[in-house]
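Visitor: fold the following and give me the result.
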Amino acid sequence: MSDPSPVTTLTDDACWEMLHEQEFGRLAFHLADEVHLVPINYAVDADRRIVFRTAEGSKLLGLTMNADVAFEIDEFTEDEATSVVIRGRARQLEHHEEAETELLPLRPWVNTAKFNTIVIEVDEITGRRFGLTRPWLHMRPQED
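Guide: A predicted model of the protein is given here:
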């Protein structure tokens with residue numbers, strides 16, 4: 001018999017549950033002919049969209065020029081690592097749509113003004129859990 005795979009695919013619901021539990025992720029976006037990757041804090045709204053706020057700058061410019069984005073969260077323990085990746089399209093919210101996000105738990109990590117509310121409309125969501133065997137652990141120096 002073969003050993004079970006150390007990689008497990010998460011269901012969409014399990015992915016969304018993990019997204020609801022977290023508040024920090026990484027956003028990949030295009031700016032001109034470059035791909036940028038930045039940390040953001042976020043919330044998930046009732047329509048299963050990723051919502052975040054940003055200031056004027058390269059992130060907002062990049063999202064305005066090319067709405068295609070990827071978003072990723074992860075967590076790991078001694079025994080396993082889990083990752084959720086989203087692909088979708090970002091757009092800036094305005095007027096009543098923006099007001100609807102006021103009750104979301106968007107808590108800034110840095111005390112800077114962020115007046116632009118962005119949502120990522122999800123086209124694809126994938127998640128995987130990895131059982132970590134770490135075969136190199138035997139090579140660590142032993143503590144006395």
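Visitor: how many residues are close by residue 61?
Guide: Neighbourhood size, residue 61 [other CB atoms under 10 Å]: 13. The way it works is simple: take the backbone N, C-alpha and C, and place the C-beta from them, glycine included.
Visitor: so for it, what's the pLDDT?
Guide: Looking at residue 61, its pLDDT is 96.
Visitor: what helix or strand does it sit in?
Guide: Residue 61 belongs to helix 58-65 when elements are defined using DSSP states H and E.
Visitor: residues of that helix that come out buried?
Guide: 59, 60, 62, 63 (16 or more other CB atoms under 10 Å).
Visitor: what distance do you get for residue 29 to residue 82?
Guide: Counting by CB to CB, to the nearest Å, the gap from residue 29 to residue 82 is 23 Å.
Visitor: let me redo that: residue 100
Guide: Counting by CB to CB - residue 100 and residue 82 are separated by 30 Å.
Visitor: of these two, give the one with the bigger neighbour count.
Guide: Taking other CB under 10 Å, residue 100 and residue 82 do not tie; residue 82 has more neighbours (18 against 15).
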